[in-house]
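Chemist: Turn this into a model:
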Amino acid sequence: MKKKTQLIHGGIVGDKHTGAVSVPIYQVSTYKQEGVGNFAYEYSRTGNPTREALESLIRDLEGGHAGFAFGSGMAAITAVMSLFKSGDHVIFTDDVYGGTYRLMSKLMNRFNLEVTFVDTSDIDQVKDAIQDNTVAIYVETPTNPLLKVTDFNEVNAIAKKHDILFIVDNTFSTPYFQNPISFGSDIVLHSATKYLGGHSDVVAGLVVVNSEKLAEEVHFIQNSSGGILGPHDSWLLMRGMKTLGLRMEQTEKSTKKIVDFLSERDDIVNIYYPGLANHKGHDTHKQQATGFGGMISFDVGSGERAERVLRKTKYFTLAESLGAVESLISLPAKMTHASIPRERRLELGITDGLIRASVGIEDAEDLIQDLKQALDNE
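Modeler: Next comes the predicted model:
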């Protein structure tokens, strides 16, 4: 089954009781039991038919063993980190989403979960970071916001050699363009708020695991901690995912045109986009993904200029988040990555003048003209 078909026909389809082609919203908290312990569903924190349909869909799209839906991307990451115990050590991509950095450096450290942030696109740094108590390598690729690319095969080889988990945040590429489990990943995560939902109307997180053992452990954590996604949001997410393929193809076409426009300007310091032939990791990304996506970061030289540009855009909306039908634009240093100390941001290359753009499905020429007038008239 091809991806566009799987987005419509994957997982649980329709409703066998009524013939409805859309999975109903089971807005229910508890269920009648035919006898003590004799039930299809017990309680909606433990299982809900609408959420189950979503979980089966993301399982199929990622090619995993089981899927799980959470109330946010951060809830999903927290659940995965709950697989580990005090004294364990996890290696993380250094150029990681600011909320993930905050979770690990300011919350999980309270439980004595050790973390080392390294440039996972440099496999030697990953090797050097391995410790006796290392239990997992967590990779974000392409990264947020510098779009650095990590080689799945190289990281998988290290993970298997040391018998540790290989975890991938696949938010930017989505399962339409990239399937980490096919490269050996044990766990894949998504901030489903972004491309999967695609319409700026739902906050959600998804997890896919590649084994029955991990499925049992994650379900136990999901049920015990209770950070589930509600039935209505599950339904909204499935509705958004039906058009994922169409949206990803359109946004990539527009993004390539915008990158060409930015590349011709001499007032842009740097452009970060894996589709550029000179982007570090371009060849690696081509080998493990079928598309380059709709995220661009570009440096306009200073934080002051960046803020002036952001005040001028009309079609690019200044807002948090990404992956929506409308184009969004942000200043990572003061928005998505503000929780990372400035010294650390600069070490990573997240400059004050770095702008991150999420290209939507508007006409590409309108988006180019919007950026042009903002850059020319700032």
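
Chemist: Tell me where the stretch 1-150 of the chain is predicted with low confidence.
Modeler: Within the stretch 1-150 of the chain, no stretch has pLDDT under 70.

Chemist: ok, which stretches of it are strands?
Modeler: Secondary structure of the stretch 1-150 of the chain (DSSP state E, counting those that start in this stretch): strands located at 66-70, 89-93, 114-118, 134-140.

Chemist: and the lengthiest helix in the chain, what does it pack onto?
Modeler: For the chain, the longest helix by residue count, based on DSSP state H, is helix 244-263. In terms of contacts (3 or more CB pairs under 8 Å, 6 or more residues apart in numbering; DSSP states H and E), helix 244-263 is packed against helix 3-9, helix 174-177, strand 270-272, strand 295-299, helix 364-376. Any C-beta I mention is one placed from the backbone N, CA and C, and that applies to glycine too.

Chemist: Mean neighbour count, the ones you listed: which tops it?
Modeler: Among the helices and strands packed on helix 244-263, helix 174-177 has the highest mean neighbour count (mean count of other CB atoms under 10 Å), at a mean of 26.

Chemist: pLDDT score for Gln373?
Modeler: Listed pLDDT for Gln373 reads 97.

Chemist: That one against Lys312, yeah?
Modeler: Yes - between Gln373 and Lys312 there is a contact under CB atoms under 8 Å: 6.7 Å.

Chemist: Where does pLDDT dip in the stretch 251-378 of the chain?
Modeler: By pLDDT under 70, the weakly predicted segments of the stretch 251-378 of the chain are 378.

Chemist: Now with 90, please.
Modeler: Applying pLDDT under 90 to the stretch 251-378 of the chain flags residues 336-349, 377-378.

Chemist: Listing partners with orientation, what would you give for whatever helix or strand Arg356 lives in?
Modeler: Secondary structure from DSSP states H and E places Arg356 in strand 354-358. Partners of strand 354-358 in the sheet, by DSSP bridges, are strand 295-299 (antiparallel), strand 328-330 (antiparallel).

Chemist: Report all helices and strands that the helix or strand just after the longest one contacts.
Modeler: Once strand 295-299 ends, the next helix or strand along the chain (criterion: DSSP H and E) is helix 303-312. For helix 303-312, the elements it packs on are strand 354-358, helix 364-376, judged by 3+ CB pairs under 8 Å, 6+ apart.

Chemist: now these in CSV, with distance to Ala306?
Modeler: Shown next, in CSV, are the helices and strands packed on helix 303-312 (distance: least, CB to CB, whole Å):
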stretch, distance to Ala306
strand 354-358, 5
helix 364-376, 10
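
Chemist: mind checking which of the ones you listed is nearest Pro145?
Modeler: Of all the helices and strands packed on helix 303-312, it is strand 354-358 that lies closest to Pro145, at 4.4 Å by CB to CB.

Chemist: With that, I have no additional questions.
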